[in-house]
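Colleague: Make a model of this:
(3 chains)
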Amino acid sequence: MSEDFTQIGRALPRKEDRRFLLGKGRYLDDIAAGGALHACFVRAPHAHARLQSIDIAEAAALPGVAGVFTGADLAGWTAPLRLAPPIELLQPTEMTTLPIDKVRFMGDPVAVVLAADRYIAEDAAELVRVDYEDLPAVTTIAEALAERAPRVEEGVEGNLVSHQSFASGDVAARRAEAHRVVEARFSLQRHTHAPLETRGCLADWDEGREHLTVHVGTQAPHPYRSQLAARLGLSESQVTVSSPDIGGGFGQKIALYREELAVAALSRHLGRPVRWREDRIENLSAAAHAREATCRTRASVAEDGRILGLELWMEEDFGAYCFYPANYMARVVAMILTGPYRIRDYAYDVKVALTNKCGSGPMRAPMAMASWVMEGTLDAIAHDLCLDPLQVRRINIVRSADLPWRMATGEVLRDVTPAETLEGAVAALDMPAFRARQADARRGGRFLGLGICTVIESTTYGSDFYKSAGIPGSGHEAAWVRIEPSGAVNASVGLMGSGQGYESPLAQAVAEGLGVEAETVTLRMGHTDIAPYGMGSRGGRGATAGGGTLYLCAQKAQARVLEIAAHWLQVNATETLRLRAGRIERRLSGAWQDAGLGLADIARRAYLDPTALPPGIAPGLDVSLTYDPPPMTYSNATHACEVEVDIATGRVTVGRYLVAEDCGTVLNPIVVKGQQQGAVSMGLSGALFEEVIYDPAGQNLSATFADYLIATACETPEITILPMHTPSRHTPAGMKGMAEGGVMGAIGAIANAVNDALLPLGVKIERLPLSPMAIRAQLRARERDPPE
Amino acid sequence: MEPRVPIRLGVNGRQREMAVPARRLLSDALREELHLTGTHVGCEHGVCGACTVLIDGTPARACLTFAVQVEGREVTTVEALAEGGDLHPLQRALGEEHGLQCGFCTPGILMTFAAYLRDHPDPTEDEVRDVLSGNLCRCTGYQSIVAAVLKAAHALRMKAVG
Amino acid sequence: MKPAPFTYHRPETLDDALALLAEHGADASPLAGGQSLVPMLNMRLAQPAHIVDLNGLTELGGVVITDGWLEIGALIRHHQLAHDPVIRAAQPLLAHAAGTIAHYAIRQRGTLGGSLVQADPAGQLPLIARLTDAEVVIRGPRGERRMPVRAFLVFAMEVALEEGELVTAVSFPLLKPGTRWGFELFSRRRGDYALASVATTLTLTNGKIGELRLAIGAAASLPQRLTGLERSARGGVPDAAWIAETARAAAAAAEVEDSPQAPAAFRRELVEVLTHRALTAALTPEPA
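Modeller: Numbers count the residues shown, from 1 in each chain, chains lettered A, B, ... in the order given. Next up is the predicted model:
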């Protein structure tokens, strides 16, 4: 890492913390709005049903109720969402703001009540009478893809909303020449994001100015505003989106949801502020779900474990509605599957189907499954060939001499260090000592296991990636840096944090580029009248796209400052000047010396004495910049997890957990460590506990926090992090990004660890979560029917 | 209109009066009637712990308590933890150990441990984790919170010794 | 998730509370700790017109030992059950089990009476009450009556309370001197309701089993005593083989229910494992 950084890399405390600790954070519900109406949605109790009639009379007559509205009402004020990007074998989808003809999943909103408070709104919601005609529902992907299956969306034939395939090299030839062909299966259960703060919004239509202000916790304020304006038939000039502090997002707070659109439309219709806060049951059953997919791999391998060819079949259960093109998440899994391994011959076939369940969206690591599938395949190869799983990794892994490595899908790895993190994790583990302990424990009837998972995390998608991958989107980001007349530094970017703690690390990026102390930089984010049009926070793009854009923009600002300083000091070349800690320094005989000017002096002149500026320099110190990152930036890590499986109860206990990671230049080590630990624990919670459960009729059985199980402090291990960062040569300041890979690595590492523990019992878990019931079911079957 | 019940209670050391419908949850009354928005609402069925406040010094879920029930009681919320601008040792330790990210669960955790450490000044890590299991955090993975609580316990013990 | 409207009453005496319940009949719901009832109200799964808040009834807050019984007021919180020195000395098993209920903040509010009336099949307190042959003290329009827990617990979430009646206390027989005990539960996460739980007490006479009690929770709609097994255990030599055999027998004898979350076969396995562990704990000498 560059020794030259003075601001980047500092363990600067998070600026947000003080207000959060004092209870003075300002989240959506903390914003006062006099006279605001409270919305409550009436939701369908059926998975699939025709809407016969909706009788709102009794509800509308309840004192305190301002109105009750249905899909038919809202269709008059809003445009439907039609997703029809020109992508091969992606069927177009469409939805109205609220359903008009039929409901597609349990929890689908069919009407909205506005009342003086949420209590009354709920009273009225109970009085809305809806006549449903039950329709047969499809609740599994097999049902969805069966012949003559009921259609979830009328326009989507066979429910197969996306079907994409790809082949590079000749996998059939590799299979023919292989020493062995090893197959493996992986099934990831349906998850949901469950941020501690549920969704919500506050919309306020200013009739006089014909302007809509929407307060909403959104990770991507500008794209959100564009969608909102378009669907309301307003110009972007008529809509301001302002994001307050967000109590967690994890991908759930990117899309413009139907409820939010309805609330905005109703504020405009009634000319009154309207607010909505979904309750936890709504959040767990009707916000967005994620991850439900099954993968099958077939690896053609040589005797020494080398992978000659790899084939993937993937099926994803997308739920009932598409807020994103349905190919998006599964496509990324397939695209980066081979990750850090030298696999030239690769083919995939990926199907995405609609079902009568809540719609899916990206959840922290939309490609979460990829590492598990790849590393589970490696373990399957090792077991099949009776090789050491570590050896199979070592023989296949991309080494620094192989870089840049072009994956079969065309993705290019540069400046990554998977072999190094693998060895770093292995060394820290002391593998021989673990194997000895494991053998000892087995003699005592205890089953320990160790799992390893190397992650290649696609963090930052440039526009070129979207274009070549056939996924709609832009990858650019935008920033401005403004030095005020007093020398105060303000900056903005299109990102919006949802709890990561952007304010310090992004101030550090600005401070580094500009030449001031990070404490003096203030970031203004989340407000579309203030922030420039960037694509917002998603994936792990915060550092590279957001921090990188700010860093470049601040460098541009510094150059402007130095031009003014050079003129002031009558120096010919700005190369002999720099800004450090807000002071102009001049290099004299190889040493930097204070030049007697501060940033405040320059700023005062720029704003208040512009005639003193050098020729050609305009007044003010206000710089903006947009930046499109490389097509794809990857960071990498190796996770290692030790578990014990209590074979009597099936309970999995996580022991040691460590991560060797390389995410390039680190803006702020406190935040990076927190993100890594948070991502790993979310992955472990998902792998062990979380599951959205639907019964065969499509009833959601996991809509409370007593049923959707998130790991507590007692089930979450200590996570040790070994920083092994190396800067990228292709991004600003060498940043690579992170914060999702922890989920990917955790799922793979713990699943592999549990299977390692169960190996002597002849049992293999192919479906998550790793619940005691599932593990016992397998062991029971094995006990009843032991192998020959 | 729904009848309102007048109530008097102490909140963070001040006597307050309000008139609320009987069904009004304490969490809503604190946030909306008294504008004490530091108490967060995360699940309204008592699992997540974000709304935990102290009633007569004892932790309680504000979402499982009706405002009318605290007539005559003393309620303490996160807003009362810091004294004269000085962060409480728990607040300081959570900041120092990066024991918070989005901050939504933080007030409930602060209030739970403000009471717990008062009664159990020298807990083990297992005891801290057991108590913390009543508060869900989706961001941190808990270990930094555990470290912060242990650190705050130490600081409080030192303070008590003087 | 906001409750439907109701009228709130906070009686200060038990007589006033009973009068209110008598007046409003089935429209009234008593409110104790509220840790189970209020979620039901918030979800509108229960919509009583009247809430009678029992928290002001100091009469329900006693802990007394008389005539071989430990009588605990219905309003005693789980936290106090777990920590009260009198309870810990007289019924250490009850104290231990109460300390495993839910979470710290919940234990500060949840009450003994509320737990018994809730009658959750997975609840710790109904299980211990059933194991120990506790009696429920009930007051109602026709005065006070006592009822064995065995009869009080009718079905999952259903108890033998008549309209207008309240549980005022639960009486636990004192443990005989030298009684050993064990308690084990299995839940997905710390604090969750158990998928299965086992409680046991036993005495030893000359190194052999004197009296054994064994109760299984969470496996079926009611906590169950395995009385046949208890009887046949008398005189057994409590070695490893006996423990294993008894655990197997308990699993075979227990009634277990099937649910998608926890299939019957799984619960039966848990009963065996937990019985094994509870008996082992009971038979392990306390460290000096």
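Colleague: what sits against the residue in the stretch 51-200 of chain C that chain A sits nearest to?
Modeller: Closest approach between the stretch 51-200 of chain C and chain A, counting by CB to the nearest CB: residue C:190, at 3.7 Å. Just so you know, the C-beta spots here come from the backbone N, C-alpha and C atoms, and that holds for glycine as well. Listed by CB atoms under 8 Å, 6 or more residues apart in numbering or on different chains, the contact partners of residue C:190 are A:712, A:713, A:714, A:715, B:130, B:133, C:103.
Colleague: so the first one makes contact with residue B:133?
Modeller: Yes - using CB atoms under 8 Å, residue A:712 makes contact with residue B:133 at a distance of 3.8 Å.
Colleague: Surely the residue of the stretch 51-200 of chain C closest to chain A forms part of a strand?
Modeller: No - secondary structure of residue C:190 (DSSP: H, G, I helix; E, B strand; the rest coil): coil, not part of a strand.
Colleague: Nearest residue to it in space, please, no chain neighbours.
Modeller: Nearest residue to residue C:190, sequence neighbours excluded (CB to CB, 6 or more residues apart in numbering or on different chains): residue A:714, at 3.7 Å.
Colleague: Against residue B:46, how distant is that neighbour?
Modeller: 18 Å (CB to CB, to the nearest Å).
Colleague: How about residue C:241?
Modeller: For residue C:241, the distance to residue B:46 equals 45 Å [CB to CB].
Colleague: joint contacts of residue A:712 and residue B:133?
Modeller: Contact with both residue A:712 and residue B:133 is made by residues C:189, C:190, C:191, according to CB under 8 Å, 6+ apart.
Colleague: May I have the phi/psi pair for the second one?
Modeller: Yep, that's residue C:190 we're talking about. Backbone torsions for residue C:190, taken as degrees, to the nearest 10, come to phi -60, psi 130.
Colleague: Excluding chain neighbours, give the residue nearest to the residue of chain B found nearest chain A in space.
Modeller: Chain B approaches chain A most closely through residue B:38 (2.1 Å), counting by CB to the nearest CB. Of all residues not flanking residue B:38 in the chain, residue A:23 sits nearest, at 2.1 Å (CB to CB, 6+ apart).
Colleague: and the one you found, which of the three is it?
Modeller: Here residue A:23 is recorded as coil under three-state DSSP.
Colleague: My understanding was that it contacts residue B:87; is that so?
Modeller: No - in this structure, residue A:23 is not within contact of residue B:87 by CB under 8 Å, at 11.6 Å.
Colleague: quick one: which of those two has more around it?
Modeller: residue A:23 (24 against 18; other CB atoms under 10 Å in any protein chain shown).
Colleague: Show the pLDDT at the more buried one.
Modeller: Looking at residue A:23, its pLDDT reads 97.
Colleague: Okay, strands next: where are they in chain B?
Modeller: For chain B, the strands defined by DSSP state E occupy B:4-11, B:14-21, B:52-55, B:58-61, B:74-76.
Colleague: now these in TSV, with mean pLDDT, mean neighbour count and distance to chain A?
Modeller: Output for those, formatted as TSV (pLDDT from 0 to 100; neighbours: other CB atoms under 10 Å in any protein chain shown; distance: least, CB to the nearest CB, whole Å):
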stretch	mean pLDDT	mean neighbour count	distance to chain A
strand B:4-11	98	17	12
strand B:14-21	97	15	7
strand B:52-55	98	27	11
strand B:58-61	98	26	12
strand B:74-76	98	21	11
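Colleague: how far away is the residue of chain B closest to chain A from residue C:247?
Modeller: Distance of residue B:38 to residue C:247, computed by CB to CB: 50 Å.
Colleague: Settle it for me: which of these two has more neighbours?
Modeller: residue B:38 (25 against 22).
Colleague: hang on, the more buried one packs against residue B:79?
Modeller: Yes - assessed by CB under 8 Å, residue B:38 is found in contact with residue B:79 at 5.0 Å.
Colleague: for the residue nearest to the spatial centre of chain B, what are its contacts?
Modeller: For chain B, the residue sitting closest to the mean C-alpha position, by CA atoms, centre = their mean, is residue B:111 at 2.7 Å. Residue B:111 makes contact with B:52, B:53, B:54, B:59, B:76, B:77, B:78, B:81, according to CB under 8 Å, 6+ apart.
Colleague: Look up the closest residue to the fifth one, ignoring the ones flanking it.
Modeller: Sequence neighbours aside, residue B:54 is the residue nearest to residue B:76 in space, at 4.0 Å (criterion: CB to CB, 6+ apart).
Colleague: And the last one, by the same measure?
Modeller: Nearest residue to residue B:81 in three dimensions, chain neighbours excluded: residue B:88, at 4.2 Å (CB to CB, 6+ apart).
Colleague: now swap in the first one and tell me
Modeller: Closest residue in space to residue B:52, ignoring its immediate chain neighbours: residue B:108 at 3.9 Å, by CB to CB, 6+ apart.
Colleague: Neighbours of that neighbour, how many?
Modeller: So residue B:108, with other CB under 10 Å, has 29 neighbours.
Colleague: wait, doesn't it sit right on residue B:51?
Modeller: Yes - with contacts counted by CB under 8 Å, residue B:108 reaches residue B:51, the gap being 6.2 Å.
Colleague: can you list residues touching both of the two?
Modeller: Taking CB under 8 Å, 6+ apart as the contact rule, residue B:108 and residue B:51 both touch B:39, B:40, B:42.
Colleague: so of the residues you listed, which ones are in helices?
Modeller: In helices, judged by DSSP state H, none of the shared contacts of residue B:108 and residue B:51 are found.
Colleague: And those residues, which is closest to residue A:301?
Modeller: Using CB to CB, residue B:42 comes nearest to residue A:301 of the shared contacts of residue B:108 and residue B:51, at 48.3 Å.
Colleague: who touches the closest one in this structure?
Modeller: By CB under 8 Å, 6+ apart, residue B:42 lies in contact with A:196-198, A:247, A:280, B:48-51, B:104-105, B:108, B:136.
Colleague: Try it again at 7 Å.
Modeller: A:196, B:48, B:50, B:51, B:104 (CB atoms under 7 Å, 6 or more residues apart in numbering or on different chains).
Colleague: Then residue C:151?
Modeller: residue C:160.
Colleague: ok, now residue A:201?
Modeller: Residues in contact with residue A:201 (CB under 7 Å, 6+ apart) are A:214, A:215, A:216, A:260, A:263, A:276.
Colleague: ok, 10 Å please
Modeller: By CB atoms under 10 Å, 6 or more residues apart in numbering or on different chains, the contact set of residue A:201 is A:28, A:39, A:214-218, A:228, A:241, A:256-257, A:259-264, A:267, A:274-278.
Colleague: Next: residue A:505.
Modeller: A:7-10, A:12, A:14-15, A:497, A:518, A:523, A:542-543, A:546-547, A:550, A:666-672, A:735.
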